[in-house]
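*Asks:* Structure of the sequence below:
(4 chains)
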Protein chains: 2
Amino acid sequence: MSSITLTPTSHLVLGLIAGTGPATSYDLKKLVGISIGYFWTFPHSQLYAEPVRLAEAGYLTAEEEARGRRRRLYSITGKGREALSAWLRDSSASEGYEIRDLGVLKLFFGGLVDSDAVRALAEKQMSMHRRVLGELETIEAGADGGGQLAFPLRTLQLGKQVSRVCLEFWTEVAERPDLSSA
Amino acid sequence: MSSITLTPTSHLVLGLIAGTGPATSYDLKKLVGISIGYFWTFPHSQLYAEPVRLAEAGYLTAEEEARGRRRRLYSITGKGREALSAWLRDSSASEGYEIRDLGVLKLFFGGLVDSDAVRALAEKQMSMHRRVLGELETIEAGADGGGQLAFPLRTLQLGKQVSRVCLEFWTEVAERPDLSSA
DNA sequence: TCCAGACCGTCCGATTCGGACTGGCCTAGA
DNA sequence: TCTAGGCCAGTCCGAATCGGACGGTCTGGA
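*Replies:* So this is what the prediction gives:
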């Protein structure tokens, strides 16, 4: 029950369990993979380690299978819910916003290669964003718009919009690889 | 001269030095801070450690001040230029694209709090994106559109567009915090 | 019954992180 | 000229993170 500092991973785990009920680490891994993982990847080892830490600190309780695959089923506690709610309401904890995109990093150095290479990069990025957009639309189509999923679907909308903007941007780059003005 | 694997940080350092000429780690830190750092932060300790690694492996050469602050000025070598160019042209190395935004993570769990809290979050995000947008426009205004900066400015355009989309998105959320449909 | 392949979990070395600290340099004011 | 204080520049290190590799478990079909 030692005191720990809560990271984004902590809040993710708490939120997932609060939202969908008791879960094993594997469940978390699957949930992340089909949702938030599209924008923000969390290493699976964290999704195993983090609930242990949270349980030790009293934010979760663990129920372990006696035999076989010693799966541990985690449930959220009152303390966990409080911490989650406090974080969700804490407007000072929302700062920070990062886009890590290898393609953009390359474009930043586009002046060091010829425009054919820039065009090739742009086309590659276009196909990537088209693929992502398609996958997001598939997920969207397969989900009922109902209560539980309303907010996750909303973040998905943002993902789609960002993807679309990127697609347009790279299309423009592919058309005029060596031009700076719009 | 041992062989090392090149990370995004490696390519950033190589690209910066290739693009702007010899630089110290501190120069790199400043450069990153006013440009790519807006989307992708690199810890300063990396910006000191990475050139050392790159120099050991022959991608950079270091010239150290004899006295005083023992600053090290790094220059790129032929090997460094080749590696950078190869990376820029390697279309298989562009995968990966991540958006890490605490606000979006919170929205994902929006169903667990009341709509006032969601609205407050949205408003906070709006002001953040407005601020970022303003800063990007300031940077843009202060840069001549000339050759060297053409590609960095282009990535800045993308940053602006993404920020604008986020701003619109959060505006919509602020207006209708509890509605899922557009 | 046996096997293949998916499922599930753990472990660990290597890397990354960022805060804290040290010390040099510069300028202004006495 | 001297020196105090603020910025400049770099180093260090414990802690957190990463992700690959491995090992055990289960299910269904031959």
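*Asks:* Leaving out chain neighbours, which residue sits closest to residue A:35?
*Replies:* Once flanking residues are discounted, residue A:35 sits nearest to residue A:152: 5.8 Å by C-beta to C-beta, 6 or more residues apart in numbering or on different chains. Every residue, glycine included, has its C-beta placed from N, CA and C.
*Asks:* For the one you found, which residues are in contact?
*Replies:* The contact partners of residue A:152, by C-beta atoms under 8 Å, 6 or more residues apart in numbering or on different chains, come to A:35, A:36, A:143, B:108.
*Asks:* which residues in chain A form strands?
*Replies:* Ranges of strands within chain A are A:60-64, A:72-76, A:97-101, based on DSSP state E.
*Asks:* Dump the ones you listed into CSV; add distance to residue B:117 and mean pLDDT as well.
*Replies:* Shown next, in CSV, are the strands of chain A (distance: least, C-beta to C-beta, whole Å; pLDDT from 0 to 100):
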stretch, distance to residue B:117, mean pLDDT
strand A:60-64, 23, 88
strand A:72-76, 18, 94
strand A:97-101, 19, 91
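*Asks:* among the ones you listed, which is nearest chain B?
*Replies:* strand A:97-101 (4.5 Å; C-beta to the nearest C-beta).
*Asks:* Give me the packing partners of the closest one, helices and strands only.
*Replies:* Using 3 or more C-beta pairs under 8 Å, 6 or more residues apart in numbering or on different chains; DSSP states H and E as the contact test, the elements touching strand A:97-101 are strand B:97-101.
*Asks:* Now do the buried residues in the helix or strand of chain A with the lowest mean pLDDT.
*Replies:* Taking mean pLDDT, DSSP states H and E as the measure, chain A has strand A:60-64 as its least confident helix or strand, at a mean of 88. Neighbour-count burial for strand A:60-64, counted by 16 or more other C-beta atoms under 10 Å in any protein chain shown, picks out residue A:60.
*Asks:* Mind listing residues that contact it?
*Replies:* Contacts of strand A:60-64 with the rest of the structure, by C-beta under 8 Å, 6+ apart, involve A:13-14, A:17, A:22, A:51-52, A:54-55, A:70-77, A:80.
*Asks:* Return only those of those found close to DNA strand C.
*Replies:* Among the contacts of strand A:60-64, the ones lying near DNA strand C by C-beta under 7 Å from any atom of the strand are A:70, A:71, A:72.
*Asks:* now, which of these sits nearest DNA strand C?
*Replies:* Here the nearest of those to DNA strand C, counting by C-beta to the nearest atom of the strand, is residue A:71; it sits at 2.7 Å.
*Asks:* List phi and psi for that closest one.
*Replies:* Phi and psi for residue A:71, reported as degrees, to the nearest 10, are phi -60, psi 140.
*Asks:* Contact partners for residue A:131?
*Replies:* By C-beta under 8 Å, 6+ apart, residue A:131 lies in contact with nothing.
*Asks:* Could you tell me how far it is located from residue B:97?
*Replies:* Counting by C-beta to C-beta, to the nearest Å, the gap from residue A:131 to residue B:97 is 11 Å.
*Asks:* swap in residue A:47?
*Replies:* Taking C-beta to C-beta, one finds residue A:47 at 21 Å from residue B:97.
*Asks:* higher neighbour count, these two?
*Replies:* Neighbour totals were compared for residue A:47 and residue B:97, and residue A:47 leads with 24 against 20 (other C-beta atoms under 10 Å in any protein chain shown).
*Asks:* residue contacts, the more buried one?
*Replies:* Per C-beta under 8 Å, 6+ apart, neighbours of residue A:47: A:9, A:13, A:25, A:28, A:29, A:32.
*Asks:* In CSV, list these along with neighbour count.
*Replies:* Listed next are the contacts of residue A:47 as CSV, based on neighbours: other C-beta atoms under 10 Å in any protein chain shown:
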residue, neighbour count
A:9, 17
A:13, 29
A:25, 21
A:28, 23
A:29, 18
A:32, 20
